[in-house]
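**Q** I would like the atomic coordinates for the input below:
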Amino acid sequence: MVKNALLINPFGIGDVLFTTPIIHTLKDAYPGIRLGYLCNRRVHPILENNPHVDFVFVYERDEFEAARKKSYLGWIKKSLAFLNQIKAKRFDLAIDFSLNSQYGFFSWYAGIKRRVGYDYKGRGWLLNKKIKLDGYNEKHIVEYYAGLLKLIGLELKYKNLELYLNQKDIDWANEFLAKNSVTAQDLLIAIIPGAGASWGKDATLKHWPAENFSGLCDKIIENYRAKIIIMGDFSEKPIAQKILQNIHCHIIDATAETTLGQFAALLKKTKLVVTNDGGPMHMAVALGIKTISIFGPVDSRVYGPYPPSEESVVVKKGLDCQPCYRRFKMPLCVRNRECLATLSVDEVYAQVRRLLG
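**A** Residues are numbered from 1 along each chain as shown. As a prediction, this is how the structure comes out:
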């Protein structure tokens, strides 16, 4: 019997959403269990409204590193205060998705007796039960994560990713759309031309060309009289501006206008999302929105929409070199990103027609 469990995932939006079926499965398997979650600051809004999560511990590595550079003693005090918050909850199980021995130490220091996770490059030495891993290949990460449940004798009960909204963000989305003359009767479609923040400066390697998004918007509005909203964070503002410069119709620009919670609430108001591979795509899928996701170097079997659905369509060129991102490594592309550059507007628009009818 497990009374208190801590889940550890310091990665991005998609990775945290991939754990939501595990969260729900644990809640059902152990009535009365209290669940804690250790995550980074950026993804905290993904978890704060989840009714199955009782405690969220935010560990932002850069903040702790900044404290260390300022004062070693201050860093020690800050680190111990953080770890003691976890220790005080008296967790008896830790499920560690991090692939990093640092988080195994966190669990050990907090006195958590059962510690399960992955042994990636020998980093799982502080775990009691572990699965040897050299990367994610050929099956979805959700299914990899489900393997950790088997170490404690459980089978994954839920498949769908779960994302919960709060009323404040819903009210904001309603007000934003009203200001932009969008009504409930309008066919509202979201375009997300970035790829989330997890890949940092390398996110551009997953971008379908901005001019193609412009051409797609023109075709959609011409044929469906839809209203289109372009979405993304502050770093993706230049992409949005490039799309807007090449477009022949009016679209709503919500880039850099939202918090993550507001972003999710706005997505929920749409009828279709067209997006590059990235965290926002998984948010759309978790919210039950029809989704077209564009994949280039990344394996959609591993990082694609989950669970597979006719309303979550993957569009990719299918070159013999795809996918080239394997075992967390991206080789130098010698084909000038042909997988995305040659994927035409018509190929993506054909899927828009299929989903919209």
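
**Q** wait, what's in contact with residue 64?
**A** 75, 78-79, 82 (Cβ atoms under 8 Å, 6 or more residues apart in numbering). From N, CA and C alone the C-beta is placed, and that goes for glycine too.

**Q** can you pull out the helices in the stretch 51-200 of the chain?
**A** Here the stretch 51-200 of the chain has its helices, by DSSP state H, counting those that start in this stretch, at 61-70, 72-87, 101-109, 141-150, 167-179.

**Q** can you list contacts of the longest one?
**A** Think helix 72-87. Helix 72-87 is contacted by residues 6, 36, 38, 57, 59, 64, 67-68, 106, 109-111 when judged by Cβ under 8 Å, 6+ apart.

**Q** go through stretch 331-343 and flag the buried ones.
**A** Of all the residues in stretch 331-343, those buried under the rule 16 or more other Cβ atoms under 10 Å are 337, 339-340, 343.

**Q** restrict that stretch to CA atoms and write it as PDB.
**A** Written as PDB, here are the backbone C-alpha positions of stretch 331-343 (Å, rounded to 0.1, in the frame of the first residue of the first chain):
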ATOM      1  CA  PRO A 331      22.900  15.100 -36.100                       C
ATOM      2  CA  LEU A 332      24.000  17.900 -38.400                       C
ATOM      3  CA  CYS A 333      21.500  18.000 -41.300                       C
ATOM      4  CA  VAL A 334      23.100  17.700 -44.700                       C
ATOM      5  CA  ARG A 335      19.800  18.000 -46.600                       C
ATOM      6  CA  ASN A 336      19.000  21.600 -45.500                       C
ATOM      7  CA  ARG A 337      16.000  20.500 -43.400                       C
ATOM      8  CA  GLU A 338      14.300  19.100 -46.500                       C
ATOM      9  CA  CYS A 339      11.800  17.200 -44.300                       C
ATOM     10  CA  LEU A 340      10.100  20.500 -43.400                       C
ATOM     11  CA  ALA A 341      11.100  22.700 -46.300                       C
ATOM     12  CA  THR A 342       9.500  20.500 -48.900                       C
ATOM     13  CA  LEU A 343       6.300  19.800 -47.000                       C
END
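
**Q** I'd like to know how far the residue sitting furthest away from the middle of the chain sits from residue 136.
**A** Here the centre of the chain is the reference, and by Cα atoms, centre = their mean the most remote residue is residue 73, at 35.0 Å. Computed as Cβ to Cβ, to the nearest Å, the residue 73 to residue 136 distance reads 39 Å.

**Q** list the buried ones in stretch 346-353?
**A** Going by neighbour count (16+ other Cβ under 10 Å), the buried part of stretch 346-353 is 348-349, 351-352.
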